[in-house]
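1. Structural data only, the sequence is not supplied:
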């Protein structure tokens, strides 16, 4: 009899190997280290869908905070449905996709390049249409990913995004630490066990994060929705205070993504207000301020918030997978989903 979640579990555990492969190939990023200057780039747009869109938010924060260029997320339907004529001179478009096949992404990328954009893509298939369209393509080197819910490919997208920006800033990468922390988390059998047994599908689940933690909050919510058949919100702590907190009850289960070295003041206002109503708080990562009966899903201890966050993605994936299994679902093959989603 097939073990529920066996494939997803195996693919999450492969993350350290994927990280090693990418970091061993770090010289590949030298090919684009001067592209911002050579192409006189004035703005950046990121093209992605689904899980890759959450990785896009991470890359967006990286570029905005480390380089200072304005970064936006594309609207593929502006081309595929509304036939907009793009004007992308001095614009860098970065396409992120596991498969590199979705027609709307390929259509938009083609239109962007025809509109004089400089195009970089990252996919898990070097022969994919999105890889071939780009001026430069970076492979995720994740190998075949069979579980419907993307895990190791998302983690690879985070790392490739980080290395891409490091090639522009000249920042030294602590490869050994990233790999070691990923290995440590991968081998921690009881990493999320306490959180799983203390979480119920019967009450609302909210996942919150801010800054570099926000993309993982979105991804955690998506993974739980994909694998556990429940609706989950993934929000910025700031956005949560602008309305959704009104739905907070004493039974709401609030997960706060808090990587090591996260600026503590970034979430103080939100956590203070949440504690007035609910004491069902779970922390993902080592940068939170747990108290009382809070439950901590311990994360990585990398040098900074940025790298801690990319390793901590494994923690949220483990929780979604084990929570799905505990709920009687097979996270390897959720109903209604396919591995490659083709949207137009």
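-> Everything's here; your move. All figures in this text were calculated on a predicted structure; none of them were measured in a lab. Residues are numbered from 1 along each chain as shown.
2. so the spatially most central residue of the chain is in which element?
-> Closest residue to the average C-alpha location of the chain: residue 55 at 3.8 Å, with C-alpha atoms, centre = their mean. In this structure, residue 55 sits in helix 50-66 according to DSSP states H and E.
3. Pull out the buried residues from that helix.
-> Using 16 or more other C-beta atoms under 10 Å as the test for burial, helix 50-66 gives 50-63. C-betas here are computed from N, CA, C, even on glycine.
4. Can you tell me how far the residue nearest to the centre of the chain is from residue 123?
-> 12 Å (C-beta to C-beta, to the nearest Å).
5. which neighbours do these two share?
-> Common contact partners of residue 55 and residue 123 (C-beta atoms under 8 Å, 6 or more residues apart in numbering): residue 96.
6. The strand or helix carrying residue 7: how far from the chain's middle?
-> Assigned by DSSP H and E, residue 7 belongs to helix 6-13. Averaging C-alpha positions (C-alpha atoms, centre = their mean, to the nearest Å) puts helix 6-13 17 Å from its chain's average.
7. And it, what's buried?
-> Those would be 7, 8, 9, 11, 12, 13, for helix 6-13 by 16+ other C-beta under 10 Å.
8. Now stretch 30-39: average pLDDT?
-> The average pLDDT within stretch 30-39 is 97.
9. shift numbering so it begins at 368
-> Okay, residue one is now 368; in that scheme the one you just asked about reads as stretch 397-406.
10. now the end-to-end length of it.
-> 15 Å (C-alpha to C-alpha, to the nearest Å).
11. Likewise for stretch 658-669?
-> Its first and final residues considered, stretch 658-669 spans 23 Å by C-alpha to C-alpha.
12. I'd assumed residue 491 was in contact with residue 497.
-> No - using C-beta atoms under 8 Å, residue 497 is not in contact with residue 491, being 10.5 Å away.
13. Can you check which residues contact both of these two?
-> residue 467.
14. measure residue 452 to residue 458 for me?
-> 14 Å.
15. Quick check on the two: which one has the bigger neighbour count.
-> residue 458 (20 against 9; other C-beta atoms under 10 Å).
16. all strands for the stretch 368-517 of the chain, in order.
-> 410-414, 438-440, 458-463, 485-490, 503-506 (DSSP state E, counting those that start in this stretch).
17. how about those strands, which one is nearest residue 646?
-> strand 438-440 (35.3 Å; C-beta to C-beta).
18. Can you name the residues in contact with the helix holding residue 374?
-> 512-514, 516, 518-519, 553, 594, 681, 684-685, 688, 698-699.
19. same deal with stretch 492-508?
-> With C-beta under 8 Å, 6+ apart, stretch 492-508 has contacts from 385, 388-389, 392, 395-396, 398-399, 402, 462, 464-468, 472-473, 476-477, 480, 485-491, 520, 523-524, 527, 531.
20. What segments of the protein are helices?
-> 373-380, 382-391, 402-405, 417-433, 444-447, 470-481, 496-500, 519-536, 542-553, 560-564, 581-595, 604-608, 635-642, 672-693 (DSSP state H).
21. just how off-centre is the fifth one within its chain?
-> Mean C-alpha position of helix 444-447 versus that of the full chain (C-alpha atoms, centre = their mean) differs by 24 Å.
22. Run through the neighbouring helices and strands of it.
-> Secondary-structure packing of helix 444-447 (3 or more C-beta pairs under 8 Å, 6 or more residues apart in numbering; DSSP states H and E): helix 470-481.
23. which parts of the helix it packs on are buried?
-> 471, 472, 473, 474, 475, 476, 478, 479, 480.
24. Report the angle between it and strand 485-490.
-> Angle between the axes of helix 470-481 and strand 485-490 is 150 degrees (criterion: axes from the mean of the first three to the mean of the last three C-alpha atoms, to 10 degrees).
25. Show me what helix 470-481 is packed up against.
-> strand 410-414, helix 444-447, strand 458-463, strand 485-490, helix 496-500.
26. contacts for that helix?
-> Contacts of helix 470-481 (C-beta under 8 Å, 6+ apart): 412, 414-416, 441, 443-447, 453, 455, 458, 460, 462, 464, 467, 486, 488, 496-497, 500-502, 709-711.
27. Among the residues you listed, the buried ones, what's the ChimeraX command?
-> Restricted to buried positions by 16+ other C-beta under 10 Å, the ChimeraX selection for the contacts of helix 470-481 reads:
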select :412,414,415,416,441,443,446,447,453,455,458,460,462,464,467,486,488,496,497,500,501,502
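28. Good, we can wrap up now.
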